Structure formats: C-alpha cells, structure tokens
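J.: Fold the stuff below for me.
(chains A and B)
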Amino acid sequence: MTKRSKNRRTRQSLWLLVAACVLVVLPRARTEQQDWFRTGTGIGVEKVRLAVPAFAARRAEVETPTGVFNSTLWSDLEFSGVIELVSPSFYPLQVPSRLDELQPDAWSGAPTNAQMVAFGNLQTAGQQLVVEAWLSDVRNPQAPPLLAKRYRDELTEESARALAHQFADDIIERLSGGLPGIARSQIAFVSDRGGGKEVWVMDYDGHNQRSISKCGLCLTPRWSPDSTKIAYTAYDRSTEVPRTNISIYSLVLSRRVAFATFPGTTTTPSWSPDGNEIAFSSSQSGDQEIYAASADGGRPRRLTHSRGVDISPAWNRLASNQIAFVSDRGGPPQIYLMEIDGGNVQRLTNGEGYAVSPSWSPNGQLLAFAWQRSGASFDIYVMDVATRQTVQLTHDSGRNEQPSWAPDGRHIVFQSTRSGRNQVWTMLVDGTGVRQLTFEGSNTAPHWSWK
Amino acid sequence: MRMSRSLRWSGILMLLLLLLTGTACKKKPPPPPPTPQTPPSPAAPTATLRAVPSTIDQGQSTSLSWNSTNATELRIEPDVGSIGPQGSSPVQPERSTTYTLVARGPGGSAEASARVTVNVPSAPPTPVVPLPMQQAFERMVRDAYFDFDKADIRPDARVALTQTAEFLRQYPDARMLIEGHCDERGSTEYNLGLGDRRANAAKDFLASLGISAARMETISYGKERPFCFESTEDCWQQNRRAHFVLLTPRGGGR
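T.: Predicted structure coming up:
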C-alpha cells in the first residue's frame, strides 16, 4: 500500500469516527435541551464568581456565632443556584475583615479569578451582636462596594444564623438581576414524628423544625401570602361524630383564628394572592366541589358543578383570576383550570394516568404537579400552561409527590420516598441540586412560603 | 391642771399602745379585715392572688401574681409553696386548679384564691349503646368494599349493605357513622375526596333501601386510617372500604 492511500484510509476512518460520534451525541443533546425550562428571571445570565472568605471574629465571645454565620452564609449562597462560589483553596493568604484591608488584585487575579468578594467581621456593641459586611467588585476596585452593611441582633447563635440569611439575601438580590433571596423563607409540612400527623414549620434549609398544631390528624398546610398564617385540613374529634374542617393558625398570635365550619367533608385550603379569600373543597352539596370564601370562611360561593371529586384548588399567584384544581370528572384524577367565577373550565393534563397536586410558580406561568403515568411511579413534572409543554423533573427515585415552588421560582420542595420513608426534599427546577431536609419520622405535604 | 392631767393619761395610754404593737410605725392605718372570721385587730394581714391568663390550653403556662400586707409567712398551694409578700410565679398545671394563698402575720391570717382553667383536648365521648343493639350490630353489619379508584357499589357490597339496612330497620333508634377509606396508593389529598365519595355512596344506597338520611353521618379518612399496612393486593382491598361505627342511639343518653 502506498503512503498516500494509507493516509486517505486514515482520513476516511477519522471522518467515519467523527460522523459516528455526532450521530450518537446529537440526539442526546436535543433531548437535554427539551428537558430544561427557562424559569424565573436572571436565567441565561452567567453565574457570578464570588469569593466568600470567612468573616473574622473580633471578640472571643462572638467566636461561636461567627462559625455559625460563616457556614450559614456559605450554604445559603451555594443553595441559591445563581452564584459560583470560588473554592477557598484558591483564596489569597491575606483575608480582609474590613474594607480598607481588601486587596482587589489579589482576588481578581489568578488563581482566585473572582469577580466579587463578600467579606467582613463580627463584633459586639454593648450586649448586641454586630456584623459588618461588604460586597466588592474586585474587577472595578475604584467603584464603591456594591453592599456596605451593618447588621445587629442578639448575641446568640440563632441570631447569627438569621443575620447570615439576611446578608445572603442581600447579595442574591444585588447580583441576580431581580430574583428575590429565599434564605429567610420557610416551609410548612406534615410530620408524624410526635405520634399523630401534625403541621410543622422549618427554615428553608431544614433548621428550626417545630410543630404548630395539636390535632391528632392535620393535613394539607398552606401558607398565607404574607407568611403570617397557615391554613390546613383538621380532624376535630372532640365530639361523638368527628368532623373535618379548615383550621387557620396565626404565627403572629400563636393561636388559631376563626374559619367557618360546613357540613360534609371540608379540605384542602388555598389562599388568594391578596390574602383576602380562601378556596377549598367541601361536600356540603353531596359531593366534593370547589368553593371560595372570605378569609374567615364567610360568604362561600360555589365554583365547580360536576359530579365526583373536585379538590386541591391552587390559586394562580400572579393571574389571580385563575384557579387550578384536581377533578375525577373524566375518570382518574387530572388537573384542570378554571376562572375564579368557575367558568371556562379546561383540562390541562392529557388524560393519561393519575395527575394531582398542582402548584403554581411565582410568575404564574408554570404548574408543577405529581403524575403517575401507566406502569410508572409518581414523579414531579412541570408544565408551561400556555403551551402545555411538560418536562419530567424526577426519575427512578421512588415515589415523588406534592411539589411546591420557592419564592425565587428556581427551587421546588416536594416529598419523596427515595430514602425509604416519605421525607421532604428540595431541588432546582431543572431537577438537580436535590437535598434532603427531614430525617425523623415520616414527613409529607411540604408548602413553601410565598416570601 | 385638768388638761395637763388628761394629756398625761393620753400620753401614757399612747405609750402603752405603742409598746403593745411594738415595731416601727406603719405608714397608713391597717385596712378593715376582709372576712368576718378575722378578728378586728389592727394590722390584720390581707392578700390578693390573680392568675393571668386564667384560661390556658394544656401544656401552656400562666402567671400567678400576688400582693399582701401585714403578712410575714405566705404560702401558695398547690405546687408553689413558700413565697414573699409580693411577687409572681409561672405555673403550668396539668388540669384545672384552684391556687390558694394563705398569708399569716401577727394580726392573724388571710386567704386568697385564683382559679386556672385548663383546656384539655378531650377524648371523643364513647357512645352508649344498649347491649342487644351492640350485639346485633356486630353480627349483621359488615364493611362494604370497593374497586380501585372507584366508589361504585359492587355486588358483594350490595349484599353487605342490604344486611346493614336490615339491622337499621330492626333497631329504628340506631344511628351510624359511615367512614370512607382508601388504600395507600393514591395521593393524600385526592383520597380525602375519594373516601368521601365512598361514604356517600354507601349512605345513598342505604337511603335507597328506605333508611332515613338523618340516621347516617359520614366522614372521609382518605388513606389516613388504614385497616392493614402491607403493600399487597389483599391488604389494599381491605382498606378500600366504607366502615360503619355505631353511635349513641336516638333518645339514648350519656
């Protein structure tokens, strides 16, 4: 064989190899593009490279709170999904704790290559904890810092945690181009760890888990839009004939506030975006229909008129004239949409399988729900309501239900049996970043606060 | 001369009185005794006791606050014990309690009380049912079972419900609670609705056999109160049911 023909053969093999690779890779690339929604604002913007050296403890008595502050701040920024945290192994040796100690070149140059640096210190003023914090653009050292903050609170670990959440939110809001920070948001859920099923509340990262109900059997918690109240389905077994009702707990007053009772089975409350009304399901007419009433249950008006079960209303947070709900009017339960006078009812899911648990994104355009397609387990899906385009977020990971959106429109909390029992998990809306929040007992029905 | 003598006697009397009552003078004269039993001697003790709030839920605490005059030895029972003349103390009684403050002093003793009402979550009252009715119920009434995701009355459920109707005809005062239940496979919320459909389906069928709707209450438990816990077809079928509970009969009392 001549050298030339050998070269030609080699080139041909190379082209074949390239062609083969392209044929394998291309279809997969296309499906990956289909499986990703643009959610919330700020997506499509490159993640900011942020360095966060440990804040300094300026007094012995703030050393423990400073440790809590630093780890909380780091976790909050990492969780947000819009920040690229530079690894501390690339940080310069000299770490600033005050603005005049910052050497921008040391941070913007290799190997750190940071765009921004967040730094500061903790100290005391009288009996209080004081945090001084800055966010500086180290590529524009002449410009004043983007944030220059002074936070104060009690001298406790809990306050250090709360101040870290606040600074993290301030950073996210400054850098994300419009997203709210969620570090101070909360999640309501149901837990049986104390015996019967009760309504519990926790910070968005799983800290401070505590119960707020004493029902014996309480279900379906939903935050009010201003985060002052939680409505839920309660079983009242104080009389010979037990009854279901909607209960509302005020976190401000630390007690229940009044909501009317109705005959039949009363369940699944959902707040209107202005907080003045509650939609719910009631079988006072003989079967479960969706009603809307004022926030104390007065002046109920009936929205659905269909035999069978109409339940789990979800009021659109932005387009407040829309309510999604679950109905079995066509067979197994599916997700429907209607206007708030009950008109213009349309089915959103395609009729296959068993579709439940609708939850609106904060921008009112996307609906997360739980879907059990034929032969499969329950998984979380997200639908663009305008186009009906749907993507699947969980795969091959047990039974996944009850999704609820975070206020930033980028995270979802849900319940999953992937670790064995039902637990509460969070994830980014592209299905990545999955984190377990609860570990004790069986934990279900999470609902993320609106802010 | 007469004036100076009466003055002198008044002086001696005052001195004697001072010696009798002893110690430092009080700033104001002692108030009249609060109860008839207290002897009308000067400087009798007084006491007040308040509980704020006076009604709490079990597990919460309330604050007792008290005040007293002319008392040297004070106790609050139960639980609190020895205390000073004024003050407050948190208490957390398990059930409704009357706290009594006893204040003793040289002038006698005084009592005050404050009642704290504790709301205890009550267990559901148990129905009172005559024995023959109870026995007939156990013999004749059975759960009605349903197909998956359905609330239709199947032939076997029809048989069970017909016999339940017969019990209700034999005991015209009997009342029942019909519970609707589901197996574990559906979602929590939708199953609350499906359980309600099943309870009402059983109730409607019994009504169609002539039983008055006023004798039947319904409630849905969704999948929250299963009869068995295995993940098998057999257990799932046992859980898809309308279950009957005998209530206190009409006219019967507690």
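J.: Close to chain B: what parts of the stretch 251-400 of chain A are there?
T.: Residues of the stretch 251-400 of chain A that fall close to chain B, judged by CB under 8 Å from any CB of the partner chain: A:264-265, A:267-268, A:281, A:283, A:286-288, A:308-312, A:326, A:328, A:332-333, A:354, A:356-357, A:370, A:378. All C-beta atoms are positioned from the backbone trio N, CA, C, and that covers glycine.
J.: Helices of chain A, residue ranges please.
T.: A:3-34, A:63-80, A:104-108, A:157-175 (DSSP state H).
J.: Same question for the helix or strand hosting B:Asp234: list its buried residues.
T.: Applying DSSP states H and E as the criterion places B:Asp234 in helix B:233-239. Applying a neighbour-count criterion of 16 or more other CB atoms under 10 Å in any protein chain shown, one finds B:Trp236, B:Gln238, B:Asn239 buried in helix B:233-239.
J.: need those residues in JSON lines with distance to chain A and pLDDT, can you?
T.: Output for the buried residues of helix B:233-239, formatted as JSON lines (distance: CB to the nearest CB, whole Å; pLDDT from 0 to 100):
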{"residue": "B:Trp236", "distance to chain A": "15", "pLDDT": "97"}
{"residue": "B:Gln238", "distance to chain A": "20", "pLDDT": "97"}
{"residue": "B:Asn239", "distance to chain A": "16", "pLDDT": "98"}
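J.: Looking at these, which is nearest A:Thr304?
T.: Closest approach to A:Thr304 among these (CB to CB): B:Asn239, at 27.6 Å.
J.: give me the beta-bridge partners of the closest residue to B:Glu224 other than its chain neighbours?
T.: Nearest non-adjacent residue to B:Glu224, counting by CB to CB, 6 or more residues apart in numbering or on different chains: A:Leu217, 6.1 Å away. When bridges are called by DSSP bridges, A:Leu217 pairs up with A:Lys197.
J.: Equivalent analysis for B:His181, please.
T.: With DSSP bridges as the rule, B:His181 is bridged to B:Gly222.
J.: tell me the pLDDT at A:Ala188?
T.: pLDDT, A:Ala188: 98.
J.: check contacts around the residue lying closest to B:Phe148 once chain neighbours are set aside.
T.: Sequence neighbours aside, B:Arg240 is the residue nearest to B:Phe148 in space, at 6.8 Å (criterion: CB to CB, 6+ apart). By CB atoms under 8 Å, 6 or more residues apart in numbering or on different chains, B:Arg240 lies in contact with B:Tyr145, B:Phe146, B:Asp147, B:Phe148, B:His181, B:Cys182, B:Asp183, B:Arg198.
J.: Out of these, who's the most crowded?
T.: Using other CB atoms under 10 Å in any protein chain shown as the neighbour criterion, B:Cys182 leads these with 31 neighbours.
J.: I'd guessed it sits against B:Arg225; true?
T.: No. Applying CB atoms under 8 Å as the test, B:Cys182 and B:Arg225 come out as separate, 9.9 Å apart.
J.: Ignoring the adjacent residues along the chain, who's closest to residue 168?
T.: Unless you meant another one, I'm taking chain A. A:Ala168 sits nearest to A:Asp76 (CB to CB, 6+ apart), 3.5 Å away.
J.: that's the other chain; I wanted chain B
T.: Nearest to B:Leu168 is B:Ile211, by CB to CB, 6+ apart, at 5.0 Å.
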